[in-house]
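Participant: Fold the following, please.
(one chain, ligands or ions: 1)
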Amino acid sequence: MNTKIIVALDVPTLEEAIALVEKLDEVSFWKVGLELFVSTGPKILEELKSRSKRIFLDLKFHDIPNTIAGACRVAALFGVDLLTIHAVSGRDTLKAATEAIQAGSASSGIKPPKLIAVSLLTSISSRQLAIDLKIPIELPEYVLEMALMAQEMGLDGAVCSPQEVAQLRDSCGSDFLLVCPGVRPTWAAIGDQKRVFTPAQALKAGADYLVIGRPITASADPQLAWKKVCDEIAAVV
Ligand SMILES: O=C(O)c1cc(=O)[nH]c(=O)n1[C@@H]1O[C@H](COP(=O)(O)O)[C@@H](O)[C@H]1O
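Facilitator: Numbering: from 1, shown residues only. Presented below is the predicted three-dimensional model:
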């Protein structure tokens, strides 16, 4: 069941990333985000592939359709499993992204990544959505609208907090991939996350994958933290 956990490799250098991957040998699915990709570029992807790991390339694209189409066309060549874009990029950009990924993969013969839309960052609370972002609808409804728009534009899934996953599962169906960061075991610090559930709660609610970073990677004993998370979810699924 630990194949349901994607560990966020949020470290600044290739050396630190490889050290963690080697220490957490049982982790089969890693997320490469902005910090590590800006630092190493595609090199880290090659390192992970050479160890037969699955890869979530989390670059959270957010730009105009032409720019995103170009980025998606080349990102499709990396041969990663998952790729992110912000739903707020809008319908035209989401559509351009899905088309570009298909085009990039078709021209190279490389299996396309599943494109998933970030519905609303898990670091945003209801209050911040209303007061800072001036979005005048309830947070769960906003997250659902973003996910439905992504689905309509042909995306494979969405990133949402585990608190919204049951509602999205009901509305988007079983084929729509739901990937949940904002996961905190009871023993871990919440930090900058605002909408969290425990790993067991998140899986029970219907998440396909849990994205967990600091509770494991910043732990004094990452192997023990990984094992504790695996034990917790083994009791659930
Ligand atoms: O797209 C993501 O992965 C993502 C979306 C989101 O809404 N919230 C979120 O935390 N993430 C990522 O998930 C990871 C969570 O890490 P921790 O908070 O350390 O568990 C980070 O790498 C974030 O970049």
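Participant: In terms of helix, strand or coil, where does A100 fall?
Facilitator: Under the three-state scheme (DSSP: H, G, I helix; E, B strand; the rest coil), A100 adopts helix.
Participant: and the helix or strand containing Q223, average pLDDT?
Facilitator: Element membership for Q223, per DSSP states H and E: helix 222-234. The average pLDDT for helix 222-234 rounds to 96.
Participant: got the buried residues for that helix?
Facilitator: The neighbour-count check on helix 222-234 (16 or more other CB atoms under 10 Å) flags P222, A225, W226, K228, V229, C230, E232, I233 as buried. Using the backbone N, CA and C atoms, a C-beta is placed for each residue, glycine as well.
Participant: same question, stretch 63-76
Facilitator: D63, P65, I68, A69, A71, C72, R73, A75, A76.
Participant: just to revisit the earlier point, check whether the helix holding Q223 contacts the ligand.
Facilitator: No: using CB under 6 Å from any ligand atom, helix 222-234 never reaches the ligand; the gap is at least 10.8 Å.
Participant: contact partners of that helix?
Facilitator: With contact meaning CB atoms under 8 Å, 6 or more residues apart in numbering, helix 222-234 is reached by 1-2, 4-5, 7, 20, 23-24, 26-27, 185, 187-188, 198-200, 203, 210, 212, 215-216, 219.
Participant: end to end, how far does stretch 134-141 reach?
Facilitator: In stretch 134-141, first residue to last residue: 14 Å (CA to CA, to the nearest Å).
Participant: Could you check how many residues crowd around the closest residue to E26 other than its chain neighbours?
Facilitator: Distances taken as CB to CB, 6 or more residues apart in numbering put N2 closest to E26, at 6.4 Å, once the chain neighbours are dropped. Around N2 there are 16 other residues, counting by other CB atoms under 10 Å.
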